[in-house]
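Asker: generate a structure from the sequence data that follows.
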Amino acid sequence: MYRAKQSIISTLSFIFCLIFSNLHAQQQEFNNLFDALDVAIGDVETSKYKYESELLFVNNSVIQYSYTKTSTKGSANTYAYELNIADIDPYTVRESTERDLIVVNVKIKNSQKLIKTFQDQEVKSYTEELQIVAANIDNARKIREILEQAIPIAEELMLNKLSLNNYEEMLSWLESNVKDANYSDEAYAQSLQQDAKYAGKVKLTVVETGKSSKQLEYSFNLADININTVRFDISGSEFGLEFETKRKHNLIKYSQDGVSKPFINDIVIKTNNVEEARDLQTVLTLIIPEAEKQVELSFPEFSTAEDALSAVSSGTLALTYGGDTYEQSFNADCLAEYVITEISESKSEKKQHNFNWIDINDKVIDYDISGSKMFIELITNKKQKLMKVLDNGELDPYDESFKLYCEDAENARRLKYAIKKSIELCRANYMPLVPNDGLEAKVKWLTESVKDVREGGDTFSQSLELVNAGKYDKFKFTKIEIDEKGSTELVYEMNFADLNERNIDFEVSSRSISVKLETNFKEKIIKYYKDGEIQNYEDEFSIHANNVEESRNLIKALVDIVTLTKGK
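Answerer: Down below sits the predicted model:
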């Protein structure tokens, strides 16, 4: 074992030395070309001006080219350009003549404004092109040739500039390299710190001073950043790196001078130059997918529905928005009860939603923002109104959705995960009351389970029985509707096999819930009586139920019976 470890260490040391040696060789090759370029660039005189040029090495493959332009009358200005040779588009490097002056034109790839410009030592703006003055055509060709050789070497240097091997190293680099940025009339004191509680979460603090002073705080998760939006942000002499959240969701918690503001979806980190922004861009594009993995690994494993449901319950928090408080609670059961009480100076309103987690559409669960409120909207499958709603204790119409409010993206992210797991495990553990012992047992259960139902001031006395005892093909359903005006008896007779098992489903009307049954191909073959009088044949009817679970089991029994009587 010891020898194996020593062998691995030796191999890694060899690889590191090889990489370091290669980088050193590339840097030396670039430095040689820089020296050649320094020799090639010299002073130039025209009929009206004298150009005194200077070339400075900044770092890696970054150079600064400058010249002092002096007229014959003695007025002088100094112009300087700072750029990375790796950014030059090699196809744009060419010579051109401007009256009595020959220049070498240089442009940045994709016309990006990555050249920092100065005039008389003052930072001006960023541009996408510059001109290098040359003594003559041969001198210009020499400058072009050196630049063309230097570009690919500079590109290699940039590719190998940062050696960060894992998430921890990348995060540590960001904490060290998100730093202050200073401009002529604005200064930004910046720091980035990781949140030890949540994987991927960081806080960016910015103190901006200039015409005014303010402190900004941004709290977000690196896993929420859209890697394709990490780009340079250029405004006059200010340079920075901008990025957005995935799908532009407002997931960034934002405050100014300690006062919470609405969530936002983008940030700009200021930098002193292109290279700082470039390095930030490189590390962010590396760390985002790693942060996604870290977040995924941080989620707990739920082995039972009880574990997942408990996580939903504990993650449901009381929240305050302005002067309003939202007290929320969730029970830890597949038959869910969500209660929210909205408390303000003028009112206190309590609303309760009862539903079964198996009815929630897990494909559309996501968190979103409305103003300063973050929430997860829970919606039923096919948007069926299967949620019983009580408003201050009074029965409201059945509903298909509601919003569960969240503290921030981390709370929402974990609630979303626990909710999806709850749905999955509740579905896996769901046991209908309908027996699995064959047609006779299912029919017996159905005839015993069709019950009387009371809805407000109306009562429905219901029974379902076989037309011929011992034969399970034909049944009779009787419903007596009783209200303050009197009663009406409705009787339906038909064969189980004539029902369309695919269309046996919930039927919700305001505060009542039923099971709707239809014939195959909507044929009008159901024998129908009203108060003992024969009526026209029908193609459908409904069986009332006391609640969603009662309806669900009636549906299950009817579908099973119809399927068995059809011989499927």
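Asker: any regions of the stretch 451-568 of the chain where pLDDT drops low?
Answerer: 568 (pLDDT under 70).
Asker: quick check: residue 207 touching residue 189?
Answerer: Yes. Contact criterion C-beta atoms under 8 Å: residue 207 and residue 189 qualify, at 4.2 Å. To be clear about C-beta, it is placed using only N, CA and C from the backbone, and glycine gets the same treatment.
Asker: once you drop chain neighbours, what's closest to residue 493?
Answerer: Take residue 493 and drop its neighbours on the chain: the residue closest to it by C-beta to C-beta, 6 or more residues apart in numbering is residue 527, 4.2 Å away.
Asker: the one you found - that's part of a strand, no?
Answerer: Yes. Residue 527 forms part of a strand when assessed by DSSP: H, G, I helix; E, B strand; the rest coil.
Asker: with residue 391 as the reference, measure out to it.
Answerer: 42 Å (C-beta to C-beta, to the nearest Å).
Asker: do residue 104 as well
Answerer: 77 Å.
Asker: neighbour count: the two, which is higher?
Answerer: Neighbours were counted for residue 104 and for residue 391 using other C-beta atoms under 10 Å; residue 104 has more, 23 against 12.
Asker: what comes up buried for the strand or helix carrying the more buried one?
Answerer: Under the criterion of DSSP states H and E, residue 104 resides in strand 101-107. Neighbour-count burial for strand 101-107, counted by 16 or more other C-beta atoms under 10 Å, picks out 101, 102, 103, 104, 106, 107.
Asker: which among the residues you listed gets closest to residue 83?
Answerer: residue 106 (7.9 Å; C-beta to C-beta).
Asker: my guess is the closest one meets residue 146, correct?
Answerer: No. Using C-beta under 8 Å, residue 106 makes no contact with residue 146, being 11.8 Å away.
Asker: can you map out the strands along the stretch 101-250 of the chain?
Answerer: 101-107, 115-119, 122-127, 129-134, 181-182, 187-194, 201-209, 213-221, 231-235, 238-244 (DSSP state E, counting those that start in this stretch).
Asker: mind checking how far the fourth one is from the chain centre?
Answerer: For strand 129-134, the distance from its own C-alpha centre to the chain's C-alpha centre is 45 Å (C-alpha atoms, centre = their mean, to the nearest Å).
Asker: got a list of contacts for it?
Answerer: For strand 129-134, contacts defined as C-beta atoms under 8 Å, 6 or more residues apart in numbering pick out 41, 44, 51, 53, 65, 67, 81, 83, 92, 95, 101-108, 115, 140, 143.
Asker: residue 481 should be in a helix, yeah?
Answerer: No. Applying three-state DSSP, one finds residue 481 to be strand, outside a helix.
Asker: who does it bridge with?
Answerer: residue 460, residue 488 (DSSP bridges).
Asker: just to check, it is in contact with residue 512?
Answerer: No. In terms of C-beta under 8 Å, residue 481 does not count as a neighbour of residue 512; the distance is 11.8 Å.
Asker: compare the two (neighbour count), which wins?
Answerer: A side-by-side neighbour count of residue 481 and residue 512, using other C-beta under 10 Å, places residue 512 first with 18 against 15.
Asker: ok, that one to residue 456 distance?
Answerer: Distance from residue 512 to residue 456, by C-beta to C-beta: 8 Å.
Asker: the residue nearest to residue 493 contacts residue 490, doesn't it?
Answerer: No. Using C-beta under 8 Å, residue 527 makes no contact with residue 490, being 11.6 Å away.
Asker: and the two? which has more neighbours close in?
Answerer: residue 490 (18 against 13).
Asker: name the helices or strands packed onto the strand or helix carrying the more buried one?
Answerer: In the assignment (DSSP H and E), residue 490 maps to strand 486-495. For strand 486-495, the elements it packs on are strand 474-483, strand 527-530, judged by 3 or more C-beta pairs under 8 Å, 6 or more residues apart in numbering; DSSP states H and E.
Asker: now tabulate those in TSV and tack on distance to residue 558.
Answerer: Output for these, formatted as TSV (distance: least, C-beta to C-beta, whole Å):
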stretch	distance to residue 558
strand 474-483	10
strand 527-530	18
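Asker: and those strands: which comes nearest residue 553?
Answerer: Among these, if distance is taken as C-beta to C-beta, the winner is strand 474-483, at 16.4 Å.
Asker: confirm residue 333 sits in a helix?
Answerer: No. Counting by three-state DSSP, residue 333 is located in no helix; its state is coil.
Asker: tell me how far it lies from residue 453.
Answerer: Applying C-beta to C-beta to residue 333 and residue 453 gives a distance of 24 Å.
Asker: those two: who's more crowded?
Answerer: Remark: of residue 333 and residue 453, residue 453 carries more neighbours, 20 against 15, as counted by other C-beta under 10 Å.
Asker: the residue lying closest to that one once chain neighbours are set aside pairs with what?
Answerer: Closest residue in space to residue 453, ignoring its immediate chain neighbours: residue 544 at 4.2 Å, by C-beta to C-beta, 6+ apart. Using DSSP bridges, the beta-bridge partners of residue 544 come out as residue 514.
Asker: pull the number of nearby residues for residue 544.
Answerer: Residue 544 - counted by other C-beta under 10 Å - has 25 other residues nearby.
Asker: and for residue 472?
Answerer: Neighbours of residue 472 using other C-beta under 10 Å come to 17.
Asker: which element is it on?
Answerer: Using DSSP H and E, no helix or strand contains residue 472.
Asker: list the contacts for it?
Answerer: With C-beta under 8 Å, 6+ apart, residue 472 has these contacts: 439, 440, 443, 466, 496, 561, 565.
Asker: so can I have CSV of those showing distance to residue 170?
Answerer: As requested, those are arranged in CSV below (distance: C-beta to C-beta, whole Å):
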residue, distance to residue 170
439, 64
440, 67
443, 65
466, 72
496, 65
561, 61
565, 64
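Asker: filter these down to the buried ones.
Answerer: 443, 466, 496, 561, 565.
Asker: report the separation between residue 254 and residue 406.
Answerer: Counting by C-beta to C-beta - residue 254 and residue 406 are separated by 16 Å.
Asker: check residue 505 too.
Answerer: Distance from residue 505 to residue 406, by C-beta to C-beta: 33 Å.
Asker: any weak-confidence spans in this protein?
Answerer: Using pLDDT under 70, the chain drops low at 1-23, 568.
Asker: one more time with 50, if that's ok
Answerer: Residue ranges of the chain with pLDDT under 50: 1-20.
Asker: residue closest to the middle of it?
Answerer: In the chain, the residue lying closest to the centroid (C-alpha atoms, centre = their mean) is residue 246, at 4.5 Å.
Asker: my guess is that one contacts residue 224. True?
Answerer: Yes. Between residue 246 and residue 224 there is a contact at 5.9 Å, judged by C-beta under 8 Å.
Asker: give me the more crowded residue out of residue 505 and residue 406.
Answerer: Between residue 505 and residue 406, counting by other C-beta under 10 Å, residue 406 is the more crowded of the two (25 against 15).
Asker: identify the residues contacting the more buried one.
Answerer: 317, 319, 367, 374, 375, 376, 412, 415.
Asker: of those, buried ones?
Answerer: 319, 367, 374, 375, 376, 412, 415.
Asker: among those, which two are most distant?
Answerer: 319 and 367 (13.6 Å).
Asker: return the most buried member of the helices and strands packed on strand 486-495.
Answerer: Per-stretch averages of neighbours, counted by mean count of other C-beta atoms under 10 Å, single out strand 474-483 among these, with a mean of 17.
Asker: quick one: it to strand 486-495, angle?
Answerer: Interaxial angle of strand 474-483 relative to strand 486-495 (axes from the mean of the first three to the mean of the last three C-alpha atoms, to 10 degrees): 170 degrees.
Asker: from here on, count from 664
Answerer: Yep, numbering from 664; the last one is strand 1137-1146 now.
Asker: what's strand 1137-1146 packed up against?
Answerer: strand 1121-1129, strand 1149-1158, strand 1203-1208.
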